[in-house]
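Chemist: the following comprises the amino acid sequence and a computationally predicted model.
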Number of protein chains: 2
Amino acid sequence: MAVNLNPPDPESLSPVEGVRLGYAEAGIRTSGRRDLMLMSLAPGSRVAGVFTENSFAAAPVQVCRQRLAVSDHIRALIVNAGNANCGAGKAGLAAARRTCDAVAKSLGCTASEVLPFSTGLILEHLPVERIEAALPHCVATLNVAHWADAAAAIMTTDTVPKAVSRTVALSGKRIAVTGMAKGVGMLAPNMATMLAFIATDAAVSGPVLRRMVREVADVSFNRVTVDGDTSTNDSFVLIATGASGAQEISSPADAGYGLLQGAIGEVAVLLAQAIVRDGEGATKFITVEVSGATAVDEAVAVARSVANSPLVKTAFFASDPNLGRLIMAVGNAGIPALDVSRVNIFLGNVKVIDAGGRAASYREEDGAREMKNAEITIRIDLGRGTAGTTMWTCDYSYDYVKINAEYRT
Amino acid sequence: MAVNLNPPDPESLSPVEGVRLGYAEAGIRTSGRRDLMLMSLAPGSRVAGVFTENSFAAAPVQVCRQRLAVSDHIRALIVNAGNANCGAGKAGLAAARRTCDAVAKSLGCTASEVLPFSTGLILEHLPVERIEAALPHCVATLNVAHWADAAAAIMTTDTVPKAVSRTVALSGKRIAVTGMAKGVGMLAPNMATMLAFIATDAAVSGPVLRRMVREVADVSFNRVTVDGDTSTNDSFVLIATGASGAQEISSPADAGYGLLQGAIGEVAVLLAQAIVRDGEGATKFITVEVSGATAVDEAVAVARSVANSPLVKTAFFASDPNLGRLIMAVGNAGIPALDVSRVNIFLGNVKVIDAGGRAASYREEDGAREMKNAEITIRIDLGRGTAGTTMWTCDYSYDYVKINAEYRT
């Protein structure tokens, strides 16, 4: 049961020139559902990515890193759901490469121009032969209009496909920015534990694309958390096909840089929020805004401590204004020499904590009213500087435990 | 439902000469249960403590710190359950001091010789008048044999009172070491989120007592975690009355130092484990052993990442050998340049991860068999050094969410 999240209307998703998407039922883990997605990119497309910081990076992540270190010219992405291809050692790397070989053969490019992605169970052998068998169906369904179908094919425990579009005008051309994401758990900042692919038909130089992917990740996917766990397979990939014919953006000073990054950032934030809204068992969408910090890192530490606290999250699930847990979580952020007498905390517009203690004006019925909402904002002013941040999270419900206890069964 | 944890047999708890314990129903939060405990100490008793690292340290913690910074000669501890006296600003400090004043008056000592402790809801006003009204009953029930009753009087959501004793012989005298603890959630290392009081009738100098309380905390209460949250009220206090008449231990080189610290450490570890066994909603008791680290801090970081991972904890609740989550959690510990190809992981005696990947010998039915046990050991060898540590945790069940969602209702 996602919080205020509907499946994307296929009509709302702008095709991106140079990007075609196909899908298939490969039966990787269960039969009867689409679990394989192929994204074919026009010649000249450039790709940049950011990947998990987990030491046990999955085999496909390792292959992506190796290939993108050599060249940003990529012709295809192949994504399977149901199996993470992680913890399989050399056999896992071989499986990821063999998958790419098959895609290259199907599309007539080289294997080094194909990036592999996997999501699902860790420690299981990837059944490459099933992927190979399903590839012809992926190729046969390749179409610029298949974003919604493709977004559905990469889901695991997601309950709703996640895809969104924006368009901007650059040097007189209409530019599309369309993205999809999957992920509902094993979610935490750095790097936000999911697969996300955003494509644009703008032309962007390699250095600018690599800068954009990091800057956008920092204010979107790295600012959401469901359970504090970071997956082994996190990948966020930004694709610029250049097929619109608009002039290439090759410097942050170029006209259009800000406009394009703004559109990509908006798509990324909406996808990141969609992941939280579809958080495993989520019943509330919670925005944590921290201000008055001495540095962004400090604000992030406080926001993360609050957003990841199981005690805070269960209180929100219960709509119980047990708001002492908020100061407990702020106090656990490890901020050196935090003067708690300067800390103020608001729930929506209700002041709960004034100068480090319970606000004299605070009445429990006001807190209870705010907590009944499906969308809740917690504002924390540390009162010691001018830096801030925003993070998004969800509550912890019975269903979080149920979903994760029974994931494989 | 605690995991293999029974209430202490009062007969098994050795009185500590110089320590008398009383209790009362003060009605601090609910009526009809004991919620106030008074510990009276003989003249000459010394006390040392370690307290929460949370920035929002509760008022009683602030008072304890101030008083112990001046003198380690303490005559009484007063402990209330049901109200944390935290987040109440100057009024909270005044309430803690007024409680001590009342105790001092009842026992004929000075207020600076009384330490206050509170556990329960944050952000609520402490009803000192109810404590004052109940104090005469505490004084009337003071008795050296009341350890089990006292342990019951400091419980909040604990389902089982926690108390344990050991005795050792020092310079021909029989020395008792008896302790009690409370705590089931808001639990994490540094400092393990609970109240614990351990008393001995050995004579120990102030410097040695302060050293012992830190060393013991580091291998007991700082090595347990239920949910990664650290409370605002954590306190572990070590009391030496000297009433046994044994020679004072004033240096780590003294005869008896190791023996006494061993007994205190054993009591502390059993109490710390009891807290995990009674962890909110716990159905499994999980020991995480990390070896092959380059430093203890590194081993602790890995153990903590595994012990705090909601995904690991829900998998253990389900007895589902979804053991990829173990490598995910190890990989999230932030160990620089971790060579995963040297990592081995065992579940009980079953090798699951060999050289960073799924062990060829591993069969799922072996993992499933181990996970069905109520007591489970995870052994992680990082293969890069000689340091290690042990941490204890429990699983996450539906009841963890239930208990914390409904704590106040």
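Modeler: Good, I have the coordinates. Residues are numbered from 1 along each chain as shown, chains lettered A, B, ... in the order given.
Chemist: using PDB, write out every CA atom in stretch A:140-156.
Modeler: Output of stretch A:140-156 as PDB, limited to C-alpha atoms (Å, rounded to 0.1, in the frame of the first residue of the first chain):
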ATOM      1  CA  ALA A 140      11.200  -7.600 -30.600                       C
ATOM      2  CA  THR A 141       9.400  -5.200 -28.200                       C
ATOM      3  CA  LEU A 142      11.900  -2.400 -28.400                       C
ATOM      4  CA  ASN A 143      10.000   0.800 -28.700                       C
ATOM      5  CA  VAL A 144      10.400   4.500 -27.700                       C
ATOM      6  CA  ALA A 145       7.000   4.400 -26.100                       C
ATOM      7  CA  HIS A 146       7.600   1.500 -23.600                       C
ATOM      8  CA  TRP A 147       8.800   3.500 -20.600                       C
ATOM      9  CA  ALA A 148       5.900   2.400 -18.400                       C
ATOM     10  CA  ASP A 149       6.200  -1.300 -19.400                       C
ATOM     11  CA  ALA A 150      10.000  -1.100 -18.800                       C
ATOM     12  CA  ALA A 151       9.500   0.400 -15.400                       C
ATOM     13  CA  ALA A 152       7.200  -2.500 -14.400                       C
ATOM     14  CA  ALA A 153       9.700  -5.100 -15.700                       C
ATOM     15  CA  ILE A 154      12.500  -4.000 -13.200                       C
ATOM     16  CA  MET A 155      10.300  -4.200 -10.100                       C
ATOM     17  CA  THR A 156      11.000  -6.600  -7.200                       C
END
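Chemist: domains of chain A?
Modeler: As given by automatic domain parsing, the domain ranges for chain A are A:10-277, A:285-405.
Chemist: TSV for these, including mean neighbour count?
Modeler: From N, CA and C alone the C-beta is placed, and that goes for glycine too. Output for those, formatted as TSV (neighbours: other C-beta atoms under 10 Å in any protein chain shown):
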stretch	mean neighbour count
domain A:10-277	22
domain A:285-405	21
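Chemist: would you turn these into JSON lines with distance to chain B and mean pLDDT?
Modeler: Shown next, in JSON lines, are the domains of chain A (distance: least, C-beta to the nearest C-beta, whole Å; pLDDT from 0 to 100):
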{"stretch": "domain A:10-277", "distance to chain B": "2", "mean pLDDT": "90"}
{"stretch": "domain A:285-405", "distance to chain B": "2", "mean pLDDT": "88"}
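Chemist: just put the ones you listed in CSV and tack on distance to B:Gly292.
Modeler: Below are the domains of chain A laid out as CSV (distance: least, C-beta to C-beta, whole Å):
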stretch, distance to B:Gly292
domain A:10-277, 14
domain A:285-405, 27
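Chemist: can you give me the strands in the stretch 101-250 of chain A?
Modeler: A:114-121, A:162-170, A:173-182, A:195-200, A:224-225, A:235-240 (DSSP state E, counting those that start in this stretch).
Chemist: so how far is the last one from its chain's centroid?
Modeler: Average the C-alpha atoms of strand A:235-240, do the same for its chain, and the two points are 11 Å apart (C-alpha atoms, centre = their mean, to the nearest Å).
Chemist: kindly report the same for the first one.
Modeler: Offset of strand A:114-121 from its chain centre (C-alpha atoms, centre = their mean): 15 Å.
Chemist: cool, and the third one?
Modeler: When distances are taken as C-alpha atoms, centre = their mean, strand A:173-182 is centred 15 Å away from the chain's centroid.
Chemist: by contact count, what packs against that strand?
Modeler: helix A:147-153, strand A:162-170, strand A:195-200, helix A:257-277 (3 or more C-beta pairs under 8 Å, 6 or more residues apart in numbering or on different chains; DSSP states H and E).
Chemist: and stretch A:194-213, how far apart are its ends?
Modeler: 15 Å (C-alpha to C-alpha, to the nearest Å).
Chemist: again, but for stretch A:290-297
Modeler: So stretch A:290-297: terminal residues 11 Å apart, C-alpha to C-alpha.
Chemist: related to what we said a few turns ago, any chance of the helices and strands packed on strand A:173-182 in CSV, with distance to A:Val352 too?
Modeler: What follows is the helices and strands packed on strand A:173-182, written out as CSV (distance: least, C-beta to C-beta, whole Å):
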stretch, distance to A:Val352
helix A:147-153, 38
strand A:162-170, 33
strand A:195-200, 34
helix A:257-277, 22
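Chemist: so which of the ones you listed is nearest B:Asn322?
Modeler: Closest to B:Asn322 of the helices and strands packed on strand A:173-182 is strand A:195-200 (C-beta to C-beta; 19.5 Å).
Chemist: what does the closest one rub up against?
Modeler: With C-beta atoms under 8 Å, 6 or more residues apart in numbering or on different chains as the test, strand A:195-200 has contacts from A:16, A:18-19, A:39, A:41, A:77, A:79, A:117, A:119, A:154, A:175-183, A:216, A:221, A:233-241, A:260, A:263-264, A:267-268, A:271-272.
Chemist: now do 6 Å
Modeler: Residues outside strand A:195-200 that contact it (C-beta atoms under 6 Å, 6 or more residues apart in numbering or on different chains): A:16, A:19, A:117, A:119, A:177-182, A:235-240, A:264, A:267, A:271.
Chemist: ditto for stretch A:123-136
Modeler: A:24, A:26-28, A:36, A:83, A:85, A:87, A:95, A:98-99, A:102, A:106, B:323-324, B:358.
Chemist: most widely separated two among those?
Modeler: That would be A:Ser106 and B:Leu323, which, of the contacts of stretch A:123-136, are the farthest apart (C-beta to C-beta) at 34.3 Å.
Chemist: tell me where the stretch 301-409 of chain A has strands.
Modeler: A:344-347, A:350-354, A:357-358, A:375-381, A:387-394.
Chemist: can you list the strands that the longest one pairs with?
Modeler: What it means is strand A:387-394. Looking at strand A:387-394 with DSSP bridges, its partner strands are strand A:224-225 (parallel), strand A:285-293 (antiparallel).
Chemist: so what's A:Ala81 up against?
Modeler: A:Ala81 neighbours (C-beta under 6 Å, 6+ apart): A:Asp35, A:Thr119, A:Gly120, A:Ile154, A:Thr156.
Chemist: ok, now with 8 Å
Modeler: A:Ala81 neighbours (C-beta under 8 Å, 6+ apart): A:Ile28, A:Arg29, A:Asp35, A:Leu36, A:Thr119, A:Gly120, A:Ala153, A:Ile154, A:Met155, A:Thr156, A:Lys182.
Chemist: now do the SS call for it.
Modeler: strand (DSSP: H, G, I helix; E, B strand; the rest coil).
Chemist: done for today, thanks.
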